[in-house]
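Engineer: take this sequence and fold it.
(chains A, B and C)
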Amino acid sequence: MSIRDFTREDIEAVFKASDLMLELYDREKYSRLLEGKILALLFFEPSTRTRISFEVAMKRLGGAVIGFAEPYMSSVQKGETLIDTVRVLDGYADVLVIRHPNEGAARLAAEYAQHPVINAGSGRQEHPTQALLDLYTIYKEKGAIDGLCVGVMGDLRYARTVNSLLLALANFKVDVHLVSPVPFLDPRPALLEEIRNKVAVQLHRRLQEVLPQLDVLYITRVQKERFPDPSEYERVRGTYFVNRDTLKEAKDDLLILHPLPRVDELSIDVDTLPGAAYFRQAHYGVIVRMALLALVLGALQ
Amino acid sequence: MSIRDFTREDIEAVFKASDLMLELYDREKYSRLLEGKILALLFFEPSTRTRISFEVAMKRLGGAVIGFAEPYMSSVQKGETLIDTVRVLDGYADVLVIRHPNEGAARLAAEYAQHPVINAGSGRQEHPTQALLDLYTIYKEKGAIDGLCVGVMGDLRYARTVNSLLLALANFKVDVHLVSPVPFLDPRPALLEEIRNKVAVQLHRRLQEVLPQLDVLYITRVQKERFPDPSEYERVRGTYFVNRDTLKEAKDDLLILHPLPRVDELSIDVDTLPGAAYFRQAHYGVIVRMALLALVLGALQ
Amino acid sequence: MSIRDFTREDIEAVFKASDLMLELYDREKYSRLLEGKILALLFFEPSTRTRISFEVAMKRLGGAVIGFAEPYMSSVQKGETLIDTVRVLDGYADVLVIRHPNEGAARLAAEYAQHPVINAGSGRQEHPTQALLDLYTIYKEKGAIDGLCVGVMGDLRYARTVNSLLLALANFKVDVHLVSPVPFLDPRPALLEEIRNKVAVQLHRRLQEVLPQLDVLYITRVQKERFPDPSEYERVRGTYFVNRDTLKEAKDDLLILHPLPRVDELSIDVDTLPGAAYFRQAHYGVIVRMALLALVLGALQ
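Structural biologist: Predicted coordinates for the structure are as follows:
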């Protein structure tokens, strides 16, 4: 439901299962681990990346996928409640993956479903599987998470990926540097307070203030669809931008992550740097979701 | 094509195949019965429930699904006729499942296809697989259909589920009580006449007149999209409504069915009654469609 | 990428693989040749026929399909570039199938992907898999391609199927007769010049001028969506039309092909002629795409 449901031990269990998936993936390109199982997608918000990533994960393990991915799908248009939709699909499938614009929608679904429910993004704050794949990418690329200096730049208020990532990082011994280009994108005070109890956090306006110390730089798109007011979006867009020149002062092995899709905040001239790992990060998204599906369906016991 | 194509013996053969599916489903959660077979969906009308139910049924049996589910799919937009679309998909798949707004569309498709065609709803009158799953649910929940007193309430004119259900019930020794809240929703006289030759049918305006005698109460949504005139829909909506209070006088083991989605005609406070079987009914929909697919593809011989 | 990438030997290799597929298809209706492999569809243009044909081909061979088929899919709407979309899906899948309105889009994709990329139609000129299935249909129906007199009628300028077919035919010893009902639909001079170096080509205004000599008649729809100016489309539509009467002077064994969907250029009264092979042609489309997928994924070595 939430990255808050995961302790450090839980996250490490996901890493271990992901390592196993990576091995399966590379050795056989396939497995029959979830053969005969059905995953139901309940995507009440448009999403290509996350939806397809879950689909690939299920199909790589031999399972099948059903469900819907249009915001205005038929039964909902006919006035069906979320709970009824969940109960019907729960009667069809072995695991539900839900994405919904409202906070708490995934948790509500889990209360009514008899099968496992995975939150694929709800409201502005929760995107736990993204946080797990972000951490797993850092772990694979850097060998460990403890001891790293991690910068997170961009929309720290509306991007649910950032919110979940910060809560996930707070389980590890890291220094966190937040780069918020304008006060409007500063993280919510409640979130800051919550993670400050666990890790050192500093807030910056400009990337250059902290770039030389960073081991990891996580960049997010300013997501127009998260802004309550479109004119505020226009004002912010373009106030930050990363290219090779911006990164002159960075460590040679700086790991650069981005949840994708990118728009204009991350130049393609960065793509050829060895630390530019965002496409590998997308690939690890499949691996981590394979692990999560195998775990919740009890296939790894 | 039509529930009229089914004799009582045919329906019982579907029940027998469904019982087998239920056993397979519970024991192995999967089968390879239809491995390598392809089902083509030709959904010219929006539908989530029926479409997904067929998809699950095919995938649970190891088959694959292709086709389209958008009313304005590309080739049709380009001006292709139904017959051409059917002939092309017939060259791709092993079984066709068609849903179409026009009466007779499924029958026309079956004339041109070399593979089996299943009608997943056509026009205002036919929805045979829904009728079969409704009957199967009654059979599983009550042990038998003969001897029951069955109430059907709601839109008796435009709901194709009701039309097909009444014709299906007419194969059994049942008393049928129709509750039509307004004359506008009364069943078509031709249908009434047809089933009256086979079963006892009474028409009521209010549920309370007949509730104490009922063994089964089947409730339908007033489907806005079936009304030729939207203002008539607004007038009717809300003239009937079932909640726990409405059901005070009912038998303790009253079986309550609904094809779903529900809007405001059936309160969620009914959901916890032991006889509230509409989510089990949705699940049985998969079972019955597994049986139908296995039967038409000759996999049970 | 382009039918220009194929020599005669390459085309014959595809035929040989297709013959094998046809055998597999008929004998077992299925194979596990591509089990565990994933095909990603990147369809930036609406297409039902080609998309479903690739889906069937992959699923018949035991593989799975992911991707998108809506022109306005979510990540693209968010401003993602083609290259980023390709790189992400390349990290998910084993083979990419792309359709795009722009010339060169498929080739660009292939530069960035590490897995094989198949062009399922790009711009106005390239539709190589259609050309291969057209040739394969001629080969299966006529036994050979060399020595045939082939007429191609309809939109010779904007239909990418025609463009690719003519380039494919130029690898064989055929006489080509082009029937362009109005000068506006004449083939591009550069294309004419290119194929005239290899095969004899004649241009006609009326089908009757050449009909008695033809062994094959390939008819295309005038595709409204290819015209830069809709009023020009209206002017041309209906200037040509083929029915049984039109074909009175044709050879008895004239092979009639059409890429489908048809609108009003080909009458249904032609369907019952023994040489009316357009629905078999659609079926061969699956066979040829099975062969191509098996070949690019190295499953036939």
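Engineer: so A:Leu207 versus B:Tyr278, what's the distance?
Structural biologist: 56 Å (C-beta to C-beta, to the nearest Å). C-betas here are computed from N, CA, C, even on glycine.
Engineer: please apply the same query to A:Val88.
Structural biologist: Note on A:Val88: its distance to B:Tyr278, by C-beta to C-beta, is 9 Å.
Engineer: could you do A:His115 as well?
Structural biologist: Counting by C-beta to C-beta, the gap from A:His115 to B:Tyr278 is 18 Å.
Engineer: compare the two (neighbour count), which wins?
Structural biologist: B:Tyr278 (23 against 20; other C-beta atoms under 10 Å in any protein chain shown).
Engineer: show me the contacts for the spatially closest residue to that one that is not a sequence neighbour.
Structural biologist: Spatial nearest neighbour of B:Tyr278, excluding adjacent residues (C-beta to C-beta, 6 or more residues apart in numbering or on different chains): B:His258 at 4.2 Å. Contacts of B:His258 were listed using C-beta atoms under 8 Å, 6 or more residues apart in numbering or on different chains, and they are B:218-221, B:266, B:278, B:281.
Engineer: output the lowest mean pLDDT helix or strand found in chain A.
Structural biologist: Of all helical and strand segments in chain A, the minimum by mean pLDDT, DSSP states H and E falls on helix A:74-77, at a mean of 60.
Engineer: which helix or strand lies directly C-terminal to it?
Structural biologist: helix A:82-90 (DSSP states H and E).
Engineer: and the helix or strand following that next one, does that touch chain C?
Structural biologist: Beyond helix A:82-90 in the direction of the C-terminus, DSSP H and E gives the next helix or strand as strand A:95-100. No - in terms of C-beta under 8 Å from any C-beta of the partner chain, no part of strand A:95-100 sits within range of chain C; the closest distance is 11.0 Å.
Engineer: quick check: mean pLDDT of strand A:95-100?
Structural biologist: Mean pLDDT, computed over strand A:95-100, is 96.
Engineer: out of the contacts of B:His258, which two sit at the greatest distance?
Structural biologist: B:Arg221 and B:Gln281 (13.9 Å; C-beta to C-beta).
Engineer: comparing the two, which residue is more hemmed in?
Structural biologist: B:Gln281 (26 against 23).
Engineer: where does the more buried one sit, in terms of helix or strand?
Structural biologist: Using DSSP H and E, B:Gln281 falls in helix B:278-296.
Engineer: same deal with A:Ala110?
Structural biologist: Counting by DSSP H and E, A:Ala110 is found in helix A:105-112.
Engineer: next, the angle from that helix to helix A:82-90.
Structural biologist: If you take axes from the mean of the first three to the mean of the last three C-alpha atoms, to 10 degrees, helix A:105-112 sits at 60 degrees to helix A:82-90.
Engineer: beta partners for the nearest residue to A:Val179 once chain neighbours are set aside?
Structural biologist: Closest residue in space to A:Val179, ignoring its immediate chain neighbours: A:Met153 at 3.8 Å, by C-beta to C-beta, 6+ apart. Beta-bridge partners for A:Met153, by DSSP bridges, are A:Val179, A:Ile219.
Engineer: thought A:Met153 was touching A:Arg221?
Structural biologist: No - contact between A:Met153 and A:Arg221 fails when scored by C-beta atoms under 8 Å: they sit 10.9 Å apart.
Engineer: let me know how buried the residue lying closest to A:Asn119 once chain neighbours are set aside is, in neighbour terms.
Structural biologist: Spatial nearest neighbour of A:Asn119, excluding adjacent residues (C-beta to C-beta, 6+ apart): A:Ala106 at 3.6 Å. Residues lying near A:Ala106 (other C-beta under 10 Å) number 27.
Engineer: for A:Ala106, what are its contacts?
Structural biologist: A:1, A:98, A:100, A:117-120, A:122, A:126.
Engineer: which one of these is nearest to C:Gln213?
Structural biologist: Compare each of the contacts of A:Ala106 with C:Gln213 using C-beta to C-beta and the shortest gap goes to A:Ala120, at 61.3 Å.
Engineer: for that closest one, give its distance to chain C.
Structural biologist: Shown here: A:Ala120 relative to chain C, a distance of 13 Å by C-beta to the nearest C-beta, to the nearest Å.
Engineer: just confirm that residue is within a strand.
Structural biologist: Yes - counting by DSSP: H, G, I helix; E, B strand; the rest coil, A:Ala120 is found in a strand.
Engineer: pull the longest helix seen in chain A out as PDB, backbone CA atoms only.
Structural biologist: In chain A, with assignment by DSSP state H, the single longest helix is helix A:8-28. The C-alpha coordinates for helix A:8-28 follow below in PDB (Å, rounded to 0.1, in the frame of the first residue of the first chain):
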ATOM      1  CA  ARG A   8      14.600  -2.000   6.000                       C
ATOM      2  CA  GLU A   9      14.400  -5.800   6.400                       C
ATOM      3  CA  ASP A  10      11.400  -5.900   4.100                       C
ATOM      4  CA  ILE A  11      13.200  -3.800   1.500                       C
ATOM      5  CA  GLU A  12      16.200  -6.100   1.700                       C
ATOM      6  CA  ALA A  13      13.900  -9.100   1.200                       C
ATOM      7  CA  VAL A  14      12.600  -7.500  -2.000                       C
ATOM      8  CA  PHE A  15      16.200  -7.000  -3.100                       C
ATOM      9  CA  LYS A  16      17.000 -10.600  -2.500                       C
ATOM     10  CA  ALA A  17      13.900 -11.700  -4.500                       C
ATOM     11  CA  SER A  18      14.900  -9.200  -7.200                       C
ATOM     12  CA  ASP A  19      18.400 -10.700  -7.500                       C
ATOM     13  CA  LEU A  20      16.800 -14.100  -8.000                       C
ATOM     14  CA  MET A  21      14.500 -12.700 -10.700                       C
ATOM     15  CA  LEU A  22      17.500 -11.100 -12.400                       C
ATOM     16  CA  GLU A  23      19.200 -14.400 -12.500                       C
ATOM     17  CA  LEU A  24      16.100 -16.200 -13.800                       C
ATOM     18  CA  TYR A  25      15.600 -13.400 -16.400                       C
ATOM     19  CA  ASP A  26      19.100 -13.600 -17.700                       C
ATOM     20  CA  ARG A  27      19.400 -17.400 -17.600                       C
ATOM     21  CA  GLU A  28      16.100 -18.500 -19.100                       C
END
